[in-house]
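**Student:** What shape does this take:
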Amino acid sequence: MKVFYSEEHRKHSPPFEVFDGGIRVPYYENPDRMDRIVAALQKTDWAEFAEPDDFGLDPILAVHDCGYLNFLASCWDEWLASDPEIAASPEQHAFLPATFALRRAARPTTSLRGRGGYYLMDLSACIVAGTYTAALTSANIALSAANSSFLLHNSSFALCRPPGHHAGKDYAAGYCFINNAAVAANWLSAKGKVALLDIDYHAGNGTQDIFYERSDVLTISIHGDPDFEYPHYIGFADETGAGAGLGFHKNFPLPIDTGDAGYLAALDEALSMICNFAPEFLVLSAGVDAFDGDPLGMFHLTRDGFMEIGKRVAGLNLPTAVIMEGGYANEALGENTVTLLENFK
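**Tutor:** As a prediction, the model looks like this:
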């Protein structure tokens, strides 16, 4: 199985994030996550590592707003130039706005802080010197996996960091800056019908936003109910698409303490929808933060549960680009990811 990966992700390593209540904590979405997965994959006899190709900006701009990408590209340098104290010790800092655009028509302003509050949704989308480079590389990893699955008609794994499914057309959120899975799915949609299944514990709000009015990409997300879980304002069961996309989006918001049985029941319904849609390609947003004990989740899936998820999704027999999303129980992250992937090799 081709595994696309790059060390460029290390350039994105914020020193902190801000939790509810203003608590500053070490950044959960850190390079150690990739080290754990790479180490576990290297123990297998089927993982074939490859560097990503550079697809340029066009496939990314087909999904994301140009002004937003310009903001990501220039934010850090502008911030350093605006404050000599930050420029003197940049490794201790991360760009985060203090004011956010909310619940009414808004526009980006000329000030950096104003643009930050317009283009960033929360306090986990921290920007540092290497964020834009790492995010571009992550998108190219996803595109390389999509291209491999298209050309070879098989499954491939995009070991993406930063992840992507919380990033919308013109905003970053939840550790995500470029929506890797959406970029890959949109690129594949020029080749045929695509289904995008998101099994990350958190709702794929960015993916939902991007494809919500489209019928050529079926999007499905299985996740913690936003009544209690991030991202809180999107991912409800009655959100089923709009316009041409009506009926082509499905959310499965599941209750606190969902275990293997409840999750697999929702998965079976999702897979039935995919079969009825009859896509030519599948993109799998593969978060493993539904694992029992993940610090950012409240589900109780076991390793056997991830094995069964992989078995059932692979049973669709579709060329599949598996895109890495979340998973923060680092001690178990590598084995959980390999367990999910084993059925696709």
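
**Student:** Spit out the contact partners of the closest residue to Ala47 other than its chain neighbours.
**Tutor:** Nearest non-adjacent residue to Ala47, counting by Cβ to Cβ, 6 or more residues apart in numbering: Leu41, 4.1 Å away. Bear in mind the C-beta positions are built from the backbone N, C-alpha and C, glycine included. By Cβ atoms under 8 Å, 6 or more residues apart in numbering, Leu41 lies in contact with 3, 47, 49, 159, 334, 337-338.

**Student:** quick one: least confident helix or strand in this protein?
**Tutor:** helix 84-88 (a mean of 90; mean pLDDT, DSSP states H and E).

**Student:** so what does it touch, helix or strand wise?
**Tutor:** helix 66-82 (3 or more Cβ pairs under 8 Å, 6 or more residues apart in numbering; DSSP states H and E).

**Student:** Contact partners for the closest residue to Ala87 other than its chain neighbours?
**Tutor:** Setting aside the residues directly before and after it, Ala87 is nearest to Leu80 in space (Cβ to Cβ, 6+ apart), at 4.5 Å. Contacts for Leu80 (Cβ under 8 Å, 6+ apart) come out as 86-87, 90.

**Student:** likewise Lys193?
**Tutor:** So Lys193 contacts 216-218, 277-281 (Cβ under 8 Å, 6+ apart).

**Student:** all helices for the stretch 201-345 of the chain, in order.
**Tutor:** Assigned by DSSP state H, counting those that start in this stretch, the stretch 201-345 of the chain shows helices spanning 205-211, 260-277, 303-314, 330-341.

**Student:** how about the first one: buried residues?
**Tutor:** Residues of helix 205-211 classed as buried under the neighbour-count rule (16 or more other Cβ atoms under 10 Å) are 205-211.

**Student:** And for the second one?
**Tutor:** Taking 16+ other Cβ under 10 Å as the basis for neighbour counts, the residues of helix 260-277 that come out buried are 260, 263-264, 266-267, 270-271, 273-274.

**Student:** could I get those residues as CSV with distance to Ala129 and pLDDT?
**Tutor:** Output for these, formatted as CSV (distance: Cβ to Cβ, whole Å; pLDDT from 0 to 100):
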residue, distance to Ala129, pLDDT
Asp260, 42, 98
Tyr263, 39, 98
Leu264, 42, 98
Ala266, 40, 98
Leu267, 40, 98
Ala270, 39, 98
Leu271, 42, 98
Met273, 42, 98
Ile274, 40, 98
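
**Student:** contacting residues around the nearest residue to Ser285 once chain neighbours are set aside?
**Tutor:** Excluding the flanking residues, the one nearest Ser285 by Cβ to Cβ, 6+ apart is Asp198, at 3.9 Å. Counting by Cβ under 8 Å, 6+ apart, Asp198 touches 165, 181, 204, 207, 219-223, 285, 287, 325.

**Student:** which stretches of this structure aren't confidently modelled?
**Tutor:** Applying pLDDT under 70 to the chain flags the ranges 103.

**Student:** hey, which helix is longest across it?
**Tutor:** helix 131-152 (DSSP state H).

**Student:** and Ile210, what does it touch?
**Tutor:** 63, 168-169, 179, 182, 186.
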